[in-house]
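Asker: quick check, what structure comes out for this input:
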Amino acid sequence: MNKIEIVKKIRALGPEFSADADGLEAYLQSAGERRFVIANAGTTNTGKSTLFNALLGRPEAFKTADVRETTVCRDIGWTQSAVFTDTPGCGSSSAADDREASKAYQRADLVLFVHNLSTGGLKRDEMDVLEAVRRIMGERDFSERVLVIGTRQDECSAAAAEIN
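Answerer: Okay, the predicted model is just below:
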């Protein structure tokens, strides 16, 4: 799988990701041959590791559980030139988890912020995580290299899951 296939996977998430995929494709083409790092971000138990497992096509690549599982950043190669970095949940967990995750955001080319849709809108601790990522990446990079991904839509009521 090459870098362009990463863009195809993001495009497959839906038409609302088209502009993000276009920007990412341009960035990838300018990045040369260095390793492309995709990190996840979000609070505990939002589906960060599960999302990466799905993208990798390997259900057990990153540990998942109903309780806090990830405590240190962990890399798994996706392709020769791309790596997924799974991070601890931030915000309401612990300062140590926040510091650990910050290491991944500093080296990330793309951050996938994961939000559990069944909890409703973004919560204060999720906004704090997004703000931390923005501070680390800078305003321009944040707007160009962070995607918000909704998980657990299947747990939402039909009315709550509708997009108007």
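
Asker: so which helix or strand takes in the residue nearest to residue 20 when sequence neighbours are not counted?
Answerer: Here the nearest residue to residue 20 in space, its sequence neighbours aside, is residue 147; by CB to CB, 6 or more residues apart in numbering that works out to 5.4 Å. All C-beta atoms are positioned from the backbone trio N, CA, C, and that covers glycine. Under the criterion DSSP states H and E, the helix or strand holding residue 147 is strand 146-151.

Asker: please apply the same query to residue 85.
Answerer: With DSSP H and E as the test, residue 85 turns up in strand 82-86.

Asker: what helix or strand is the residue nearest in space to the middle of the chain on?
Answerer: Geometric centre of the chain, nearest residue: residue 112, 2.0 Å, by CA atoms, centre = their mean. Using DSSP H and E, residue 112 falls within strand 110-116.

Asker: what sits against residue 122?
Answerer: Residues touching residue 122, when contacts are defined by CB atoms under 8 Å, 6 or more residues apart in numbering, comprise 115, 130.

Asker: tell me the buried residues in the following helix or strand past the strand holding residue 112?
Answerer: Secondary structure here is assigned by DSSP H and E; on that basis, the next helix or strand after strand 110-116 toward the C-terminus is helix 124-137. Of the residues in helix 124-137, those buried under the neighbour-count criterion (16 or more other CB atoms under 10 Å) are 126, 129, 130, 132, 133, 134, 136, 137.
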